[in-house]
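Asker: Just to be clear, the model below is a prediction. Sequence and coordinates:
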Number of protein chains: 2
Amino acid sequence: MPDRIYNFSPGPATLPYPVLEEAAKDIVNFNDKGIGLIELSHRSKEFMAVAEESEALIRELLAVPDNYKVLFLQGGASSQFFMIPMNLLGSGKKATYLNTGVWSKKAIKEAELFGDIEVAYSSQEAAFNRVPKDDEYNVDADSEYLYLVSNNTIYGTQFPDFPDKDVMLVCDMSSDIFSRPLDIKKFGIIFAGAQKNMGPAGVTVVIIRDDLLDKAADNVPTMLRYKTHADKDSMFNTPPTFAIYCVGRVMNWLKQQGGVAAIQKRNQEKAALVYSAIDDGEFYRGHAEKESRSLMNISFNLPTPELEAQFIAEAAAIGLDGLKGHRSIGGCRASIYNAFPREGVEKLVAFMVDFAGRNG
Amino acid sequence: MPDRIYNFSPGPATLPYPVLEEAAKDIVNFNDKGIGLIELSHRSKEFMAVAEESEALIRELLAVPDNYKVLFLQGGASSQFFMIPMNLLGSGKKATYLNTGVWSKKAIKEAELFGDIEVAYSSQEAAFNRVPKDDEYNVDADSEYLYLVSNNTIYGTQFPDFPDKDVMLVCDMSSDIFSRPLDIKKFGIIFAGAQKNMGPAGVTVVIIRDDLLDKAADNVPTMLRYKTHADKDSMFNTPPTFAIYCVGRVMNWLKQQGGVAAIQKRNQEKAALVYSAIDDGEFYRGHAEKESRSLMNISFNLPTPELEAQFIAEAAAIGLDGLKGHRSIGGCRASIYNAFPREGVEKLVAFMVDFAGRNG
């Protein structure tokens, strides 16, 4: 293994090193067959087996019921912002959205093109520093679904539990899927870009209940209908073969780690180390309210922007990279997804203590 | 280099081996920076440089004028089938399509959702064995564009020259882009999935004249507007970073080969070898009419389906893989894109001569 930096980037993000090594080998010579992984026809028996394994591991790790399809789509989570309402809504139909950050705002904007959208809760006035509890908003009985973003990458907030309302959930889990067990039955659609907890950028995993596949109006283009992709096992057109392969390799790694329950425990431990360093004194301030804190992205501030810049630069110099916060709220951010190693977290915490001691 | 098979797959297809080696190295440790290529944030200076180089090489190799944007999109060429009319047409607007195979048929189906589509030519009755000459069809003066597929992968047909009509061309070049020089000024939009002549599946290159970027109606979703991606240099959302990197590496390889004029000459020579073997006697029959023959995909038949099956099996046994024709027309097909080596073509031709001698 080369000397690796600790990469706190919010995504594309740190991947398990054994997966990188496998991918490197298979790219030049897949399973020693004399052909590179990315040269394989998507209809070859070799690649079909790859795609089937990726799907099977997703189903196993998240205990996806049989009445849900797992799709590998393109266009990023951003394309789901319009595909969901384009497929599920239409004139006179209503959906409820929770506005907990930039990604939900973008989803709301697209949904408004297709239906009557009610924003039942917004933390925008508080710089999106929290997510709501169930008793803080209502969902109209005629709402087709309740839309939420489970983890808000920029602000470091996360729903500790999913809403328990009498409505189907539709959830953008781009930044925390596979970080904890899920009760899939609560959801109509779960979607996530791969580039945080699943693999490289370039594929979006969509887990969709099968009664929702065929709700699109006749004028929806073929490629934008969920049914098109479900009917062809995500091979209606050429899929992003490399990304689907990597997702399978990451899932295989996750299974070896003990699955989502085991990784959840490790994620809790890793995040607790950083939050302890933040809460220990007045030097660091967490952006999120304590009850909304994310285990994936930890956004925090130092006493001044100058100290933040110095912190980021000194950290980078010792191999702690990508700690700059998102431009919309500034400060610092440590993204510590499933594959981010505990040793990197410990090194960050030691640096935080040292830096505060020298500059506090 | 491992013992490589000759991969005649129509796509994903053979890539230059040095590109596979570079990708393998960069995936585990990009430029020896201690971070993998697919772990790099798309907003990092390292990846921004990668994307800029990929675009610059595309522009250089095809001599793309300054008033055209080069976009890296997702969703495959199939997503351009609806994005083009969704952006350029609308109620009362007309476009003309040439129906030369499955891919143009699919594009016509999607375009009909958005405008008045005239199919000015179709070779469907002749199993798509030819493409038209200019004097075989007319384009209405009020047509917004003339749509064609430059190379038809399944049938092995290709436009030897592009239409010279008084109308802007919109062209699906998925299977022959970068195989020959182009006069970009004739085109409003050129698009191509990467997985034949550019790299792995997972990115679609769109070359679009800048006056066409902002023609979409207000109700078109953000992600489906060309302007969205043009304004953000294809970084409106997380792009497929690995595929964009590979495209740049393939372009770099193509430049080292002498560029598109040099590769065109080699493509002509490679294809001539196979067509000579087909035309030498009665044993093999080419699917395409001679004047419509493709330099990229060569579809041909043997006297009987049984001999075709035997041909494909014997060829595979000596490392000539992927020669089975598309299920829609059967027979055999040799896809010999830019990166397919001449030695593989020579080996195929020797096998064809031998097989015909033994079975003719």
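Answerer: That came in fine, so what should we check first? Owing to the predicted nature of the structure, the values given are computational and were not obtained by experimental measurement.

Asker: Kindly report the domain assignment for chain A.
Answerer: A:18-256, A:259-359 (automatic domain parsing).

Asker: which of those domains sits most buried?
Answerer: Most buried of the domains of chain A, by mean neighbour count (mean count of other Cβ atoms under 10 Å in any protein chain shown): domain A:18-256, with a mean of 21. Yep, even glycine has a C-beta here, placed from its N, CA and C like the rest.

Asker: Return the residues of the stretch 251-360 of chain A in contact with chain B.
Answerer: A:319, A:321, A:322 (Cβ under 8 Å from any Cβ of the partner chain).

Asker: OK, contacts around the second one?
Answerer: The contact partners of residue A:321, by Cβ atoms under 8 Å, 6 or more residues apart in numbering or on different chains, come to A:5, A:6, A:7, A:8, A:9, A:315, B:35.

Asker: Need the pLDDT of it.
Answerer: Confidence at residue A:321, expressed as pLDDT, is 96.

Asker: now swap in residue A:327 and tell me
Answerer: For residue A:327, pLDDT reads 89.

Asker: try residue A:91
Answerer: 88.

Asker: ok, it to residue A:217 distance?
Answerer: 9 Å (Cβ to Cβ, to the nearest Å).

Asker: try residue A:338
Answerer: 38 Å.

Asker: Tell me which stretches of chain A form strands.
Answerer: Along chain A, the segments classed as strands by DSSP state E run A:6-7, A:68-73, A:94-99, A:116-122, A:143-149, A:151-152, A:157-158, A:169-172, A:187-193, A:204-209, A:285-286, A:297-301, A:320-321, A:332-335.

Asker: And these: which comes nearest residue B:260?
Answerer: When those are compared by Cβ to Cβ, strand A:68-73 sits nearest residue B:260, at 32.5 Å.

Asker: I would like the residues contacting the closest one, please.
Answerer: Under the criterion Cβ under 8 Å, 6+ apart, residues A:51, A:54-55, A:58-59, A:64, A:79-80, A:184, A:203-210, A:213, A:226, A:229-230, A:234, A:239-240, A:243-244, A:247 lie in contact with strand A:68-73.

Asker: could you redo the last one with a cut-off of 6 Å?
Answerer: With contacts defined as Cβ atoms under 6 Å, 6 or more residues apart in numbering or on different chains, strand A:68-73 is touched by A:55, A:58, A:203-204, A:206-210, A:229-230, A:234, A:239, A:244.

Asker: ditto for stretch A:182-192
Answerer: A:62, A:64-65, A:80, A:145, A:162, A:168-171, A:173-174, A:177, A:205-209, A:212.

Asker: who in the stretch 1-150 of chain A is up against chain B?
Answerer: Applying Cβ under 6 Å from any Cβ of the partner chain, we find that the stretch 1-150 of chain A lies next to chain B at A:2-5, A:7, A:9, A:12, A:14-15, A:20, A:23-24, A:27-29, A:34-36, A:38-39, A:41, A:74-76, A:78-79, A:82, A:110, A:113.

Asker: Which of the residues of the stretch 251-360 of chain A next to chain B sits closest to chain B?
Answerer: Of all those, chain B sits closest to residue A:322, with 6.5 Å by Cβ to the nearest Cβ.

Asker: who are the neighbours in contact with that closest one?
Answerer: Residue A:322 touches A:7, A:8, A:9, counting by Cβ under 6 Å, 6+ apart.
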